[in-house]
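K.L.:
okay, predicted coordinates and the sequence, questions at the end:
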Amino acid sequence: MLRALPASSRVILRNVRCIGTVSATMPPCDYQPPPYKGMSYDEMKEVRKKNLSPALATNFSKPLLIHEGHMQWLFDETGRRYLDLFGGIVTVSVGHCHPKVNEAAKEQLDKLWHTTNIYMHPKIHEFAERITETLPGDLKVVYFVNSGSEANELAMMMARLYTGSFDIVTLRNAYHGASPYSIGLTAHGTWKFGFANGFGIHNASNPDPYRGLWGGHRDCVVQSVRASESTVEGGECSSAQKYVDQLEEVLSYSIPRGRLAAFFAEPIQGVGGTVQFPLGYLKKAFEKARSYGGLCVADEVQSGFGRTGDHFWGFEGHDVIPDIVTMAKSIGNGFPLAAVVTTPAIAATMSKALHFNTFGGNPISSAVGISVLDVIKEDKTQENCQVLGPYFLNKLAEIRDKYPIVGDVRGKGLMLGMELVEDKETRQPISPQRMMEVWDGIRDLGVLMGRGGHYGQVLRIKPPMCITKEDVDFAIAVVQQVLDRVCDK
């Protein structure tokens, strides 16, 4: 028997159409926000137009006004409830306004807001010890900053200082930030501005099992339709070496011999559309980079903190230990917080001059970070990713096999993607108009997903790690309803 749903859910259900044999019923929620009393939707649009940067793009054809969140749910100004499968761009890790994290922030708020690190305060030391305990090897020294872009810029500086070299290699389709220096690491034209950037940074071919030159097998319960173009032996995909050979060409032709500063890679590309590398690629790439004198940097801004399920850090799934790890987003569950972790030897180079970050390791942010680590363990969010990820992905695979506009589904844990195409044979990306119809349609039925990929053709599914099987089933039913409608046209 169906349970009675809160009013916010009933708003959603009035808009749900049953197409074919699929019907979407939003799971119940025991939280009901108070009525919204802030600025009106139209007033807010006007302020946004006049007083906020025009670069602040919004998702969907008609922007949402979100005023409250609870765990995996978001509420708009009308009280309508949405299942959040994007987590504020892969940032809300343990749940919107998680009570334990809220309490940690409030408790610290009443004790000490800010001193900077000219004095010692307890929380930064407690957090530094806790965060380094999660990392393997000699990754024991942490620098706290405020964003992923800032973390990657600091990693660039560390690598150049330590090696005495300047050149850095990243992968095409990578996203490492949009600040003046990190935008050079980013190899994705959508995020590039027309000013001088990327001096000394080179891009290697992207080892993409779906769109790359040689296909490949990936660490995923669902393989690309191009997996047959390669073989797997000893846990390594044959295409991995081909992509590494291309990386070596970049190193050989573009880098002073033996003078690489760093190789940057995301364990799973986030903004680029949840791209996973062929089995064995990253390990071989790290070995190749080190043979040219470079440090290896793992950008865990989106893939860290248990999101991939099998491991706490995405790089662990590749059987590698980086020299530097950058992290942000999930570390603070939405609070402005990021970090760079490295070895004592590399960190020592930073003592050659003063280096200071006014808000890095702030008492409140450190208290939040400690609480997030506690909740990940107590709520077993990593285990939830490990269980729900394959279930979700297999359901998405059924959708891929059924609908002509779904070319690929991929990912690990709760870092998933669904790539839409016009033609499965040519892999031609779906048109922007049809993509928007799908994206808006899913939103209209109460599910929020992100969008990424080089052509904006990938639905990004990276929810708070507290979602349930019932949430997954609801989301799958919604996606099918929308695809039924779009494909029938």
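P.N.:
Looks like it arrived, so ask away. Numbers count the residues shown, from 1 in each chain.

K.L.:
please count neighbours and contacts with C-alpha atoms only from this point.
P.N.:
Noted.

K.L.:
which parts of the helix ranked longest in the chain are buried?
P.N.:
Longest helix in the chain by number of residues (criterion: DSSP state H): helix 381-402. Using 16 or more other C-alpha atoms under 10 Å as the burial criterion, the residues of helix 381-402 that qualify are 381-397, 399-400.

K.L.:
need the contact partners of it.
P.N.:
By C-alpha atoms under 8 Å, 6 or more residues apart in numbering, the list of residues contacting helix 381-402 from outside reads 94, 221-222, 305-312, 375-376, 406-416, 418, 465-466, 468-469, 472, 476, 480.

K.L.:
convert the C-alpha atoms of it to PDB, please.
P.N.:
The C-alpha coordinates for helix 381-402 follow below in PDB (Å, rounded to 0.1, in the frame of the first residue of the first chain):
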ATOM      1  CA  THR A 381      28.200   6.700   2.900                       C
ATOM      2  CA  GLN A 382      31.100   5.100   1.100                       C
ATOM      3  CA  GLU A 383      29.500   1.700   1.500                       C
ATOM      4  CA  ASN A 384      26.200   3.200   0.200                       C
ATOM      5  CA  CYS A 385      28.100   4.300  -2.900                       C
ATOM      6  CA  GLN A 386      29.600   0.900  -3.300                       C
ATOM      7  CA  VAL A 387      26.200  -0.800  -3.100                       C
ATOM      8  CA  LEU A 388      24.000   1.700  -5.000                       C
ATOM      9  CA  GLY A 389      26.500   2.600  -7.700                       C
ATOM     10  CA  PRO A 390      26.400  -0.800  -9.600                       C
ATOM     11  CA  TYR A 391      22.600  -1.000  -9.100                       C
ATOM     12  CA  PHE A 392      22.100   2.500 -10.500                       C
ATOM     13  CA  LEU A 393      24.500   1.800 -13.400                       C
ATOM     14  CA  ASN A 394      22.900  -1.500 -14.400                       C
ATOM     15  CA  LYS A 395      19.600   0.300 -14.500                       C
ATOM     16  CA  LEU A 396      21.100   3.000 -16.700                       C
ATOM     17  CA  ALA A 397      22.600   0.300 -18.900                       C
ATOM     18  CA  GLU A 398      19.100  -1.100 -19.500                       C
ATOM     19  CA  ILE A 399      18.100   2.400 -20.600                       C
ATOM     20  CA  ARG A 400      21.100   2.600 -22.900                       C
ATOM     21  CA  ASP A 401      20.000  -0.600 -24.600                       C
ATOM     22  CA  LYS A 402      16.500   0.500 -25.000                       C
END
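
K.L.:
quick one: the most centrally placed residue in the chain from residue 118, how far?
P.N.:
For the chain, residue 302 is the residue whose C-alpha lies nearest the centre (C-alpha atoms, centre = their mean; 3.1 Å). Residue 302 sits at a distance of 31 Å from residue 118 (criterion: C-alpha to C-alpha, to the nearest Å).

K.L.:
do residue 303 as well
P.N.:
With distances taken as C-alpha to C-alpha, residue 303 is found 32 Å from residue 118.

K.L.:
and the strands in the stretch 51-200 of the chain, which stretches?
P.N.:
Using DSSP state E, counting those that start in this stretch, the strands of the stretch 51-200 of the chain run over residues 66-70, 73-76, 81-84, 141-145, 167-171.

K.L.:
nope, the stretch 251-400 of the chain is what I meant
P.N.:
Along the stretch 251-400 of the chain, counting by DSSP E, counting those that start in this stretch, strands occupy 260-265, 295-299, 324-327, 338-342.

K.L.:
redo those strands as JSON lines? Include mean pLDDT and mean neighbour count.
P.N.:
JSON lines is the format used below for those (pLDDT from 0 to 100; neighbours: other C-alpha atoms under 10 Å):
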{"stretch": "strand 260-265", "mean pLDDT": "98", "mean neighbour count": "27"}
{"stretch": "strand 295-299", "mean pLDDT": "98", "mean neighbour count": "27"}
{"stretch": "strand 324-327", "mean pLDDT": "98", "mean neighbour count": "27"}
{"stretch": "strand 338-342", "mean pLDDT": "98", "mean neighbour count": "26"}
